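Peer 1: A predicted structure for the sequence below; I have some questions about it.
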Amino acid sequence: MDISSRKRPPKSEIEKEICRLIKNNKGRVDNLSIIHEDLKKTFPSFDVKQYGFSRLSSFIRSFNTFKIKDNVVQMR
């Protein structure tokens, strides 16, 4: 099945999930892979390529809600 034919979760729902994850982890997530695993569990069809990105970090930065430094993700 090609990526474009899968149902793409709304970006707003992904943003809410990342916010929830950060808040539940005392305001930070220490590794991008934790976010990726959570998004795949919550949205099994999730793939950053569906949104025009090749890297998760670029996709997360596109929200302007989060900051990433040394693989740690926090709210702005």
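Peer 2: That came through, no problem.

Peer 1: for this protein, what spans make up the helices?
Peer 2: Ranges of helices within the chain are 11-24, 32-42, 56-61, based on DSSP state H.

Peer 1: confirm for me that residue 9 is in contact with residue 44.
Peer 2: No - counting by CB atoms under 8 Å, residue 9 does not reach residue 44; the two are 9.4 Å apart. Just so you know, the C-beta spots here come from the backbone N, C-alpha and C atoms, and that holds for glycine as well.

Peer 1: who has more neighbours, those two?
Peer 2: Comparing residue 9 with residue 44 by neighbour count (other CB atoms under 10 Å), the higher total belongs to residue 9, at 18 against 10.

Peer 1: so which of the helices of the chain is the most surrounded?
Peer 2: helix 56-61 (a mean of 18; mean count of other CB atoms under 10 Å).

Peer 1: poorly predicted segments of the protein, please.
Peer 2: Counting by pLDDT under 70, the chain shows low-confidence ranges at 1-6.
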